[in-house]
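*Asks:* requesting a structural model of the entry that follows:
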Amino acid sequence: EVQLVESGGGLVQAGGSLRLSCAASGFSFDDYVIGWFRQAPGKEREGVSCISSSDGSTYYADSVKGRFTISSDNAKNTVYLQMNSLKPEDTAVYYCAADLIATMIPYEYDYWGQGTQVTVSS
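*Replies:* Modelled structure (predicted):
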């Protein structure tokens with residue numbers, strides 16, 4: 001059974017940091033791309049970042065470049081999203097997802113976690 005479990009969300013003040021984790025199981029982790037997405041109330045789900053577990057290639061949305069860093073620990077089948085200099089507009093439910101292709105388009109992804117709430121207060 002494929003499982004993606006996010007953790008690490010919470011409430012933080014603007015300018016603060018959080019590290020999200022995505023623990024994956026039930027599929028060949030090294031063959032997949034793991035993406036982070038977010039969805040704020042009343043808005044569409046958007047791509048934040050993704051990483052190829054096979055070669056470590058990374059991609060970022062313009063809105064998070066220079067502030068967020070994605071990384072992968074293949075030994076633990078876990079992907080991290082380090083979020084620094086957080087802004088109130090980063091407030092959303094953050095999801096991780098898995099797919100065979102590196103893309104920032106949500107509907108391309110086959111497997112999804114349940115999400116973790118990130119709230120940034122001003």
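*Asks:* which element is the residue nearest in space to the middle of the chain on?
*Replies:* Most central in the chain under Cα atoms, centre = their mean is Trp36, positioned 2.3 Å from the mean C-alpha point. Using DSSP states H and E, Trp36 falls within strand 33-39.
*Asks:* output the contacting helices and strands for that strand.
*Replies:* Contact partners of strand 33-39 among helices and strands, from 3 or more Cβ pairs under 8 Å, 6 or more residues apart in numbering; DSSP states H and E: strand 18-25, strand 46-52, strand 78-83, strand 92-99. Every residue, glycine included, has its C-beta placed from N, CA and C.
*Asks:* contact partners of the shortest one?
*Replies:* Yep, that's strand 78-83 we're talking about. Residues outside strand 78-83 that contact it (Cβ atoms under 8 Å, 6 or more residues apart in numbering): 17-24, 34, 36, 48-49, 51, 53, 64, 67-73, 90, 94, 96, 118.
*Asks:* now swap in stretch 23-31 and tell me
*Replies:* If you take Cβ under 8 Å, 6+ apart as the criterion, stretch 23-31 is touched by 1-5, 7, 32, 34, 53-54, 74, 76-79, 96, 98, 100, 111.
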